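1. okay, sequence plus prediction incoming.
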Amino acid sequence: MKKIILALSFCLFFTNSLVFSQEAEKAVSVKLLFEGGFEFGGDEILQVFFTNGGDQKMRAGQGINLGLGGELQFANLKQFMVRSAISLKWTPTAADDANIMFLRFPVHLTPFWKINDDFRLGVGITTHLNPKLRGDGFFPDVTYTSTSGPRFEFGYKWAALTYTPMTYKNKQGESFSGNSIGISFSGTLPSKR
């Protein structure tokens, strides 16, 4: 239920932001936000063995992340901005003949304090919707639930370091740490203020 409320809040936030920006264009600027990055960490959830003798460990926090959202900046509060996005995060395997992967959809709402024009510090809230380990016929798909929790970001211009504490639970009640440290890249349209 918390995940649905967070996802709906994101949608309402983005819709209201667009309407508000049209009514008071000079007070608030709204931009389209693009995010991408790589995250590392978490508990091992699977080890894949290849025919050449190699293997790959999949960790619950690792993955490639691509997202889309919005950014709000306020004319009267120049050091404050808010970003919200929904992303696709996936962890693929290096196998040529299998499409085994761990998929989830992170949603976040993050207020930022702009230290200056280049540096920002953000602390927000996030959850991961529909986490699923896809077995591609090699094993049954495994679905998880995730917690809601904080998301931390320290950014310089278009690059940032992120930290997200996250826990996943499978249907048997086993918990896995999905904590991740990441490198994030972002951009906005329009790019000029």
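-> On my side now, so go ahead.
2. may I see the buried residues of the longest strand belonging to the chain?
-> Longest strand of the chain, by residue count under DSSP state E: strand 119-134. Going by neighbour count (16 or more other Cβ atoms under 10 Å), the buried part of strand 119-134 is 120, 122, 124, 125, 126, 127, 128, 129, 131, 133, 134. C-beta here means a position set from N, CA and C on the backbone, and glycine is covered the same way.
3. turn these into CSV, columns for distance to residue 54.
-> Shown next, in CSV, are the buried residues of strand 119-134 (distance: Cβ to Cβ, whole Å):
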residue, distance to residue 54
120, 40
122, 38
124, 38
125, 39
126, 33
127, 34
128, 29
129, 32
131, 26
133, 20
134, 21
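4. which one of these is nearest to residue 74?
-> residue 120 (14.2 Å; Cβ to Cβ).
5. residues contacting the closest one?
-> 81, 112, 113, 114, 153, 154, 155, 160 (Cβ atoms under 8 Å, 6 or more residues apart in numbering).
6. burial measure for the fifth one, as a count.
-> Pointing back at residue 153 there. Residue 153 has 21 neighbours, counted by other Cβ atoms under 10 Å.
7. partners of the helix or strand encompassing it, with directions?
-> According to DSSP states H and E, residue 153 maps onto strand 148-156. Applying DSSP bridges, strand 148-156 is found paired with strand 119-134 (antiparallel), strand 159-164 (antiparallel).
8. tell me which helix or strand comes right after the least confident helix or strand in the chain by mean pLDDT.
-> Using mean pLDDT, DSSP states H and E, the weakest-scoring helix or strand in the chain turns out to be helix 2-23, at a mean of 51. Next in sequence after helix 2-23, counting helices and strands by DSSP H and E, comes strand 28-40.
9. check which residues of the following helix or strand past that next one are buried.
-> Using DSSP H and E, the next helix or strand after strand 28-40 towards the C-terminus is strand 44-49. The neighbour-count check on strand 44-49 (16+ other Cβ under 10 Å) flags 45, 46 as buried.
10. go on, stretch 150-164?
-> 151, 152, 153, 155, 160, 162, 164.
11. can you pull the contacts of the most centrally placed residue in the chain?
-> Residue closest to the mean C-alpha point of the chain, counted by Cα atoms, centre = their mean, is residue 106 at 4.1 Å. Taking Cβ under 8 Å, 6+ apart as the criterion, residue 106 is in contact with 65, 67, 86, 87, 89, 126, 127, 128, 129, 164.
12. that one and residue 139, how far apart?
-> 24 Å (Cβ to Cβ, to the nearest Å).
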